[in-house]
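Undergrad: Sequence first, predicted coordinates after that:
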Amino acid sequence: MGSEMENKADIPTLAEMTARGEKPEVLFWVGCAGSFDDRAKKITKAFVKLLQQAGVAFAVLGTEESCTGDPAKRAGNEFLFQMQAATNIQVLNGYGVETIVTTCPHCFNTLKNEYPGLGGTYKVVHHTKFLQELLKAGRIKLEGGTFRGKRITYHDPCYLGRANGIYEAPRELIRKLDAELVEMKSCRQKGLCCGAGGAQMFKEPEKGDKDINIERTEQALDTEPEVIAAACPFCNTMLSDGVKGKEKEQQTRVLDLAELLAQAADL
Amino acid sequence: MQYLPNILFLLALVAGIGFFTRNIRRLLRNIRLGREVAPEGSRSERFRQMARIAIGQQKMVVRPIAGLLHIIVYLGFIIINIEVLEIIIDGIFGTHRIFAFLGPAYDVLIATFEILALLVLVAVVVFWLRRNALRIRRFWKPEMKGWPKKDADWILYIEAILMLLFLTMNAADFSLQQTGADHYVQAGAYPVSSVLAGLMSGWGEGTLVLVERSAWWLHILGILFFLNYLYYSKHLHILLAFPNTYWGKIGPKGAFENLESVRKEVALMMDPDADPYAAPPEDAEPPAKFGASDVMDLSRIQLLNAYTCTECGRCTSECPANQTGKKLSPRKIMMDTRDRLESVGRAIEANNGQWEPDGRQLLDDYITREELWACTTCNACVEACPVSIDPLSIIMDMRRYLVMEQSAASQELNVMMGNIENNGAPWPFNQMDRLNWKDES
């Protein structure tokens, strides 16, 4: 069964599924980072493994997916954002999509909060919440204790935490790993940004004393963690760069919650 | 001549309230220069938000020390106002302690005022020490130089003086009551000022009356002065915190406004039947301006935000850009907006109620591009504000102006946006390769 699961045919596009007359339980919105960025692709694959283990009938849009427009909107280009939204909404509504799960808090926020006003209303779930539900329903089984007793600190992504009030689901997942969750100096509502949001990912920072990701990485390393858990591909990049900059990549890994769970479940 | 004090009092009261009303009208006129916007949520949701955040001080106590001290001053401000009512009635009718008939209830009232006044005094001293002795960083940022610094200190001095006058008045009154002086009814309990009265033992009745009357007059005149000081001060928050939390953002903080003006343009572009070469009809309204370069482009709620800001700097202290030494300070965004709005208001007054462009604007003359581009849109400032101010929305509107009206985004951002336009991703990857990851090990 396992080898079959890994077969690429098990990642159907919505077009293929629709052609077969099937409807997925959920659409996995992969996002640009998850599709193209080498580090983020690992998160995508880990999450797919978990979906497959749980037997979730999911589909992806594949080549029909396009940027949600988040970085354009936050950079000030509302025009480009709304063009992207209109195109994506046409695709999503065309397939009658009802539920979307995504590993990117930026896609999550835009789809959930900004698309409804433009004609695209869906149930949008972040993957940490989705995984929490799968665990609760017993659809994912965690065995063995890859991370038992390990110190894990969690970085709240701004667009998951403050922007949408999701603080507990990711922490719940870490507790499920039997790991020791250690909090940083600034966490939850006061969580410090990684420095990537608001289109900063795509530009050099303004002049200052320090880069934001270094400040945040220092806060994370202060907790002496074995793993810095992230829940956003952009935070992941910023923190990984920070850890590398501090030459701590031997001691501390930056991993997405999907990766943590997939490793713990031996997938 | 017997009615001279009453007349003087009435004049002071009318002048004080009249001047205050004039300033409130000015404030409303300035706020109305902004765009009208539909408020978020239902009326009851908005009331609940105001009850929680402004009346209930929910956000203040996130920082427990400042929060607790603030609650003392806030309660003092509200409760001691009952005393002001009595002072006004006494002033107009020449009575003395008109509420004395309440008997034991009056004792409780006066005792409560006194204890609160003492606590306010202590809180004000601690506030002053935090600013000037502990020199807490957020009070010493660059935007706090000059008037903002003086303003903050003066508010504390005025509050301390008002409380001291109130207690002095009561102490003299209490002493006079003990000696059974004429006109001084035996009423009230004075747990604090009775101690203070010890310092007055041996003073003659004439001196005590002089002290009591002077303190009484200075106290009420001080209150009228303070009322009129508000308009020129960050202290306006004591009034505006309530409407500001009422009109404040209710939905998720991540939901940014979808510009209506852009929506129309996009709908037209996506409409296959639209004639791309059609000239606009003669009576068509001029195309809307995208984003904001000056205060008139902002919404009325954003302008109310600017007047409400009490420059506490919690936003700035939580801002990741500011923490890492960038020029951006969300508090400065609000202070600049208010300063610019005030200067526009003054120009309108000087020009018989008409606005003539003065060659200046909020962008560049007050807020620099460097500040605007340093924002990560992380919402830390919005979360930190104890009175629901949204500096991020102003930053966003100004970025929109820069990008959509001026094409003034940086080269790097233009590359990112070009990529989204051409390949549907912020990086130069082909949209046809979006699913390649599934075939990679």
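TA: Everything's here; your move.

Undergrad: domain assignment for chain A?
TA: For chain A, automatic domain parsing gives the domain ranges A:2-133, A:143-264.

Undergrad: Quick one, grab the pLDDT at the residue most central in space within chain A.
TA: Among the residues of chain A, residue A:103 comes closest to the average C-alpha position under Cα atoms, centre = their mean, at 2.6 Å. Looking at residue A:103, its pLDDT reads 98.

Undergrad: Next up, the contacts around it.
TA: Contacts for residue A:103 were tallied using Cβ atoms under 8 Å, 6 or more residues apart in numbering or on different chains; they are A:30-31, A:34, A:40, A:43-44, A:47, A:126-127, A:233, A:256, A:258. Backbone N, C-alpha and C define where each C-beta goes, glycine included.

Undergrad: Now that residue B:333 has come up, it's in contact with residue B:363, right?
TA: No - Residue B:333 sits out of contact with residue B:363 when judged by Cβ atoms under 8 Å, with a separation of 11.5 Å.

Undergrad: what about residue A:153, is that helix, strand or coil?
TA: strand (DSSP: H, G, I helix; E, B strand; the rest coil).

Undergrad: neighbour count winner among residue B:333 and residue B:363?
TA: In terms of neighbours (other Cβ atoms under 10 Å in any protein chain shown), residue B:333 is the more surrounded of residue B:333 and residue B:363; the figures are 29 against 22.

Undergrad: excluding its backbone neighbours, what's nearest that one?
TA: The shortest distance from residue B:333 to any non-neighbouring residue, by Cβ to Cβ, 6 or more residues apart in numbering or on different chains, is to residue B:391 (4.6 Å).

Undergrad: And for the one you found, the neighbour number?
TA: 27.

Undergrad: Repeat that for residue B:434.
TA: 26.

Undergrad: Spit out the contact partners of it.
TA: A:30, A:35-36, A:62-63, A:65, B:425.

Undergrad: For it, grab phi and psi.
TA: With angles defined as degrees, to the nearest 10, residue B:434 sits at phi -60, psi -30.

Undergrad: where's it relative to residue B:253, distance?
TA: Residue B:434 sits at a distance of 30 Å from residue B:253 (criterion: Cβ to Cβ, to the nearest Å).

Undergrad: got it, and residue B:289?
TA: 26 Å.

Undergrad: hang on, isn't residue B:344 packed against residue B:33?
TA: Yes - Residue B:344 is in contact with residue B:33 according to Cβ under 8 Å; the separation is 6.7 Å.

Undergrad: and the stretch 101-250 of chain A, which of its residues are near chain B?
TA: With Cβ under 8 Å from any Cβ of the partner chain as the criterion, the stretch 101-250 of chain A comes near chain B at residues A:109, A:112-114, A:117-118, A:158-159, A:162-165, A:189-190, A:192-193, A:195-212, A:214-216.

Undergrad: List the contacts of residue 223.
TA: This is for chain A. A:151, A:153, A:182-184.

Undergrad: try again with chain B
TA: Applying Cβ under 8 Å, 6+ apart, the residues near residue B:223 are B:84, B:162.

Undergrad: Over to the one 10 residues further on?
TA: Applying Cβ under 8 Å, 6+ apart, we find residue B:233 in contact with B:151, B:154-155.

Undergrad: Residue B:248 now?
TA: The contact partners of residue B:248, by Cβ under 8 Å, 6+ apart, come to B:49, B:53, B:301, B:387-390.

Undergrad: same question, residue B:84
TA: Going by Cβ under 8 Å, 6+ apart, the list of residues near residue B:84 reads B:220, B:223.

Undergrad: Just the element for it, please.
TA: helix B:64-93 (DSSP states H and E).

Undergrad: Who are the packing partners of the helix or strand that that helix is followed by?
TA: Counting by DSSP H and E, the next helix or strand C-terminal to helix B:64-93 is helix B:104-132. Where contact means 3 or more Cβ pairs under 8 Å, 6 or more residues apart in numbering or on different chains; DSSP states H and E, helix B:104-132 is packed against helix B:64-93, helix B:147-179.

Undergrad: Name the residues of stretch A:25-37 that are buried.
TA: Of the residues in stretch A:25-37, A:26-37 count as buried by neighbour count, 16 or more other Cβ atoms under 10 Å in any protein chain shown.

Undergrad: Narrow the residues you listed to those in strands?
TA: Among those, DSSP state E puts A:26-29 in strands.

Undergrad: Of those residues, just say which sits nearest to residue B:439.
TA: When these are ranked by distance to residue B:439 (Cβ to Cβ), residue A:28 comes first, at 16.5 Å.

Undergrad: and the gap between that closest one and residue B:208?
TA: Look at residue A:28 and residue B:208: by Cβ to Cβ, they are 82 Å apart.

Undergrad: Can you give me the distance of residue A:28 to residue A:35?
TA: As for residue A:28, its distance to residue A:35 is 11 Å (criterion: Cβ to Cβ).

Undergrad: for residue B:361, same thing?
TA: Distance from residue B:361 to residue A:35, counting by Cβ to Cβ: 41 Å.
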